[in-house]
Structure formats: C-alpha cells, structure tokens
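*Asks:* curious how this folds, go ahead:
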Amino acid sequence: MDLVEDLVNIVGHKNVITDAAKSLRFRKGYRSGKGDAVAVVFPTTLMEMWRVLNVLHDHNIIIIMQAANTSLTEGSVPAPGYDRQAVVVNGMKIKDLALINHGEQALAFPGTTLFQLENKLRPLKREPHSVIGSSNLGASVIGGINNNSGGALIRRGPAYTELSLYVWIDEHDEMHLVNHLGIDLGETPEEIITNLENRNFDLDNVPASERHGSMYDHEAVVRDVESDQPIRYNANPKELYEVSGSAGHVAALAVRLDTFPMDEQTQMFYIGTDNPDELEDIRRHIMTTFKELPVSGEYMHKDAYKLAKKYGKDSLIVIEKIGTGHLPEMFALKAWGERFLKHIPVFKPYFPDRLLQTVSNVFPNQMPKRIDDYYEKYDHYLQLEMAGDGIDEARAYLKEYFGNARTSGDYFEADANEASKAATHRYVTAGVAIRYQELKQDSIDILPLDIALASNEYKWFEQLPKEIEDQIEHKLYYGHLLDHVMHQDYILKPGVDAHALKAKMLKILDERHAVYPAEHNVGHLYVAAPALVEHYKKNDPTNSFNPGVGKQTMSKHWGAY
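*Replies:* Residues are numbered from 1 along each chain as shown. Prediction:
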C-alpha cells in the first residue's frame, strides 16, 4: 500500500500535508534551515501517533519528530542529504495535559505547551519549569525536554526528566514502546496508551519514583562560581537521560515533570553600570552568600536595548496588549501570509514583517521613563529578580554596594509595569537580528551564538580583535548573567562571509573554553560533543529519528554497514 494512503487511513486527509508550498512552514526552521519531506502528518491522539510511527518504520522512512518548531538551530526540520525519504510528524494537535499528585507533578504530551501548563497550574499557585522565553512562542514542554532547554529561572535549571513514555527503535531495527513514567499502565503498547489516554489510574495517588522529574541538584551547581568549566549547557553529560537531550532521536509520547510553588512576592531590581566587572562582583556575592537564590538575572547591553526598542517594538506591544495565548496562531497567520504573498510580484519578501515594523512606528515609545533613563546613562543592565526573603537580602546588599563612591552604577526597585516591560523587552531581543535581516531583504547576514562561559571567568564581557570588529555592523549582547550563559547576535556588514567569520569567532570561544551552543541544542549548525553523540546512538541505534543533527552521519545504522 502507498505510504501516504497508509497515513491518511490513520489520521484522515486533513491531517496529512503533501503539497510542498503548504508544508513549507513545517519544513523550514525558525531562523534557518529547510529540507524536503514526503509529507507532514498531524496525529490527534497518542494511539494515532503510535500507528503512524509504525507505518513509517515499516516503510523505512526517516522520522522527524516536531512540536512547535521554535528551534533556532534547524534541529526540528528536515535537512538536505538524507539517504531515505523523510516524513515530519508534528504532535501539536495532541494537546492533552494532566496534573498528578495534586499538581505537584504534571504529565505533558506532544502538543502540551509551556503556556498551557502554566495556565493549568496557576489556580494551584504552582508553576512549570519555565514561565518566560520560548513559552511566548508556544513552545512545547516535550520539545524543551528534548533539548534540555531553558534555565533562565536560576533555581530550576534546564528542562529535564527521567520519567517518560517514548518510542524506541532498537539495534535490530525493531520498534518498542518504553514506559518509564513510573505508572503501571499495562504490558502491551495498546494497553499502555489506552490506559494513559483514558486516565485509568488514580491521578492523585501516583507512586513516587526513584527517577527524577527535574534537575534535582541544580542549586549546588549554579552556586559554584569558582568552577573553571561552564556550569549550564544543554549537552552537559549529567543532563542526558533517555528523552532528555535526545534531540528527537526517540519519539516522546509523554513526560512526567515536577512543578514548583509559585512565589508569593517578587521584586525586580533594575541595575545599570558602565563597568561589567561590577555586575560580576554582584553575581559572585549573590551566588555565594545569599541564603535565597534569585529567581532570575537577565543581562542586556546598551546596543541590544537600542535595537530591541526599535525592531522588537511590535512584538512587545503584541505580548503586552494581547498576551501570549494567541501568539502561536499569529505566527501561523504570518507564515500563511508570507506563503500567499510570495507569488505576487509587487510584494517583496517578508512583507508581513515589513508591515508590522511600519505600523509599530505609529505607536509611542513603550519603555518606562526610568528604564529609558538608564539606557541614556549606562552601557550594561541587569534585571535581578528576587523572591521572598531574598528581596530584603538584595535590598540591603545593593544599597551598601552602590553606596560606595567607587562604583559607577546605580539601581532602582522596578514597579510592576517596569518589571513587565523590562522582562518582555529583554525577551523580544532574541528576534531582533532576524527582523533586521528581513527588513534589509537578505542583503546582510546574521551570526547568532549562544555560549556558556566558565563560571569563574571574571572578564566575561567580550572584547573582539579589530579584524573581526570591522566586519560587524551591530552586536547584540544579552543573556543569563548569573550562570554565565550569554546570547551574542552579530549583524554583519554587507558582503561579509558569515561562515568564515563564524569559524574565527568559534576559535576565540574555544580559547576561552566556552561551550556552544548553550541552550539551543546543536541542531544542524554545530558539531555534537562525543557524549552527546553517544547519547544519540544509544537512543537511536539505527539512526532513524532526526539523523544528521550535530553534523553526524545521516546514514542508517550510523554508516556501520
């Protein structure tokens, strides 16, 4: 029987896309990358997902597991060079979600989003692993686990679990359903899936497990400011476990995760300075002496602030005025508009983005006056968010620290509006380089890097040699200062060879013993470290799921035969 016909028989015609134009948004990466696929399939239940995967396996098809497709390194889309045909299996229609043990843990499924989980937990005064960043884009919970994503919330670490239900193809090319959820759901795949979907178990009496549902020792790790190694990056061997860090080399059907008590009171301290060493002094004091760890510590440089104020303005307005709940639909609408308008000669590429940028100019400045005043006065900013007793700790320390005449900076306690605007402004900075490139109609290249620096590196702020500096039009520095994970986006001057410059930049990072990428996984842009390759091979001995990530072989059985 024909492959497409088999898939249609399982999920129906409306859930199989074979037209290349219609499937493009699922075959094209968020920033870059594009590949071919026979079809994009949208199972609507776990049972359909299981049957789809079996059909693809029977037809010897490469399986690209996909959720919200928010990867910045091409890791959730097909790539050129496969030795077999590929199919994208998008799980976003399986939006199931269950809270277990009175909300202390959650069961998330292929289409469960961080935003959805956050809303479900809010009445219980609890939170998921992450409540900022990619949640605004509709990122999925399982996608985060696949990539050990996040970590901006200092006390929680990267997305991680040892409790999962996943589809595995063994070294003999046989497909299995592995139940490591710690819940007795039966023996056969059909029993397990049926019992899970129908909740044939006591949701509030799920047995405790020796396996962990989050990074259990992260506080000790993140407080180690004397380590000569990076302390948070998503290829850390300590954080690779089955689905966690698998980069799609298994098909995750469900994960069991810890949730966290919501802070009753938080306070953002907005810090400005001309000397980045002062921010490092603050970091080291907080991480080694404070009883309470911060909620987060987000850094921005003056140039990033300036460009985000102009090119991220429309995104900030949408998030602040409309909220994040409709963002995934809005991104889908924008993608449809781009696909439709590209066939009309009068419209230039990226017309929706050009229109949004133009419309945003009609609106007044969105940034609060005190924050803008710091932009005029200082080069470096830290959004330090504290909770509970940590608020008084930070208040006393910062008052004493900046009371010293030798310091160049200052701080203020942000009100609710200032804190919200500052956090959203920092978030939208991640899309500024892309927007800038789109408005310039691809006449320039961008080079986005996210890096993990050694925890004890005092001079963390980058100083580039003139030879490299002269090839860059704009530099956007922002990131998570407290654990030395930085995002560095470079907008290059016209005509600069991005690949050649990247090689020089990475050489400098190697000399600094930095790890890259820190948060976005290797995708198809970076070489996977040996421990990560070993993890991929253990999860996927036949190289049937998402082959080629980490710049590894795309051949079946990893080219062993």
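*Asks:* from here on, contacts and neighbour counts on C-alpha atoms
*Replies:* Noted.
*Asks:* roughly how far apart are residue 534 and residue 265?
*Replies:* 43 Å (CA to CA, to the nearest Å).
*Asks:* looking at those two, which has the bigger crowd around it?
*Replies:* residue 534 (15 against 10; other CA atoms under 10 Å).
*Asks:* would you say that one is within a helix?
*Replies:* Yes - counting by DSSP: H, G, I helix; E, B strand; the rest coil, residue 534 is part of a helix.
*Asks:* mind checking pLDDT for it?
*Replies:* Note on residue 534: pLDDT of 97.
*Asks:* go on, residue 406?
*Replies:* At residue 406, the pLDDT recorded in the model is 84.
*Asks:* over to the one 5 residues further on?
*Replies:* The score at residue 411 is 97. That number is its pLDDT.
*Asks:* kindly state the beta-bridge partners for it.
*Replies:* Taking DSSP bridges as the rule, residue 411 bridges to residue 271.
*Asks:* wait, it sits on residue 370?
*Replies:* No - the criterion here is CA atoms under 8 Å, and residue 411 misses it with residue 370 at 10.2 Å.
*Asks:* higher neighbour count, those two?
*Replies:* residue 411 (17 against 13).
*Asks:* any idea how far residue 402 is from that one?
*Replies:* Separation of residue 411 from residue 402 (CA to CA): 8 Å.
*Asks:* identify the contacts common to these two.
*Replies:* Common neighbours of residue 411 and residue 402, using CA atoms under 8 Å, 6 or more residues apart in numbering, do not exist here.
*Asks:* am I right that residue 267 is in contact with residue 393?
*Replies:* No - contact criterion CA under 8 Å: residue 267 and residue 393 do not qualify, at 11.4 Å.
*Asks:* so between the two, which is more surrounded?
*Replies:* Legend: neighbour count by other CA under 10 Å for residue 267 and residue 393, higher for residue 267 (23 against 17).
*Asks:* for that one, which residues make a bridge with it?
*Replies:* Beta-bridge partners, per DSSP bridges, of residue 267: residue 386.
*Asks:* any idea of the mean pLDDT in the host helix or strand of residue 25?
*Replies:* For residue 25, the element it lies in under DSSP states H and E is helix 20-27. For helix 20-27, mean pLDDT is 93.
*Asks:* figure out how far the helix or strand that that helix is followed by is from the centre of its chain.
*Replies:* Note on helix 20-27: by DSSP H and E, the next helix or strand toward the C-terminus is strand 39-41. Distance of strand 39-41 from the chain centroid (CA atoms, centre = their mean, to the nearest Å) equals 23 Å.
*Asks:* quick one, what contacts the nearest residue to residue 6 once chain neighbours are set aside?
*Replies:* Excluding the flanking residues, the one nearest residue 6 by CA to CA, 6 or more residues apart in numbering is residue 55, at 7.1 Å. Each residue near residue 55 by CA under 8 Å, 6+ apart is listed here: 3, 6, 7.
*Asks:* which one of these has the most neighbours?
*Replies:* Counting by other CA under 10 Å, top hit in the contacts of residue 55: residue 7 with 24 neighbours.
*Asks:* what about the helices in the stretch 151-300 of the chain?
*Replies:* With DSSP state H, counting those that start in this stretch as the criterion, the stretch 151-300 of the chain has helices at 189-197, 218-222, 276-289.
*Asks:* lowest-confidence stretch among those?
*Replies:* Minimum mean pLDDT among the helices of the stretch 151-300 of the chain: helix 218-222, a mean of 90.
*Asks:* show me which positions of that one end up buried.
*Replies:* Residues 218, 222 are the ones in helix 218-222 that count as buried (16 or more other CA atoms under 10 Å).
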